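**Student:** Compute the structure for the input listed below.
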Amino acid sequence: MNQKDRSLFHQKLLELKDGSYDVFYEDKRYLLSKKTELKGKLIKLYADELGDNDFISLNYYSEIGDGLLKPCEMPQEKVIDFVLNLST
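**Tutor:** Model (predicted):
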């Protein structure tokens, strides 16, 4: 991920409010849960597609390097695309 995309990803992730709520991605509805911990140093995000079995899961460590993204059992590109393209 280049610096511009990294910055945009970080900004979009921070803009998402903590808690659980519906979002849309590729015309599908997901229940998104976001939790910010350790005074903003760790962001956990999980989204479950409603009506199907797709999901998104990631941990993001904002203060490690330029931000360390750790997807859970899926490609990094999948979680980046989800965060950048979801709508609330």
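**Student:** nearest spatial neighbour of Tyr25, skipping sequence neighbours?
**Tutor:** Leu86 (4.6 Å; C-beta to C-beta, 6 or more residues apart in numbering). All C-beta spots, glycine's among them, are computed from the backbone N, C-alpha and C.
**Student:** who's in contact with that neighbour?
**Tutor:** Applying C-beta atoms under 8 Å, 6 or more residues apart in numbering to Leu86 gives the contacts Val23, Phe24, Tyr25, Tyr30, Leu32, Ala47.
**Student:** how about CSV for those residues, with neighbour count added?
**Tutor:** As requested, the contacts of Leu86 are exported to CSV (neighbours: other C-beta atoms under 10 Å):
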residue, neighbour count
Val23, 18
Phe24, 13
Tyr25, 19
Tyr30, 23
Leu32, 23
Ala47, 24
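**Student:** Looking at these, which are in strands?
**Tutor:** Residues of these located in strands (DSSP state E): Val23, Phe24, Tyr25, Tyr30, Leu32, Ala47.
**Student:** and stretch 8-23, what's its mean pLDDT?
**Tutor:** The pLDDT scores in stretch 8-23 average 94.
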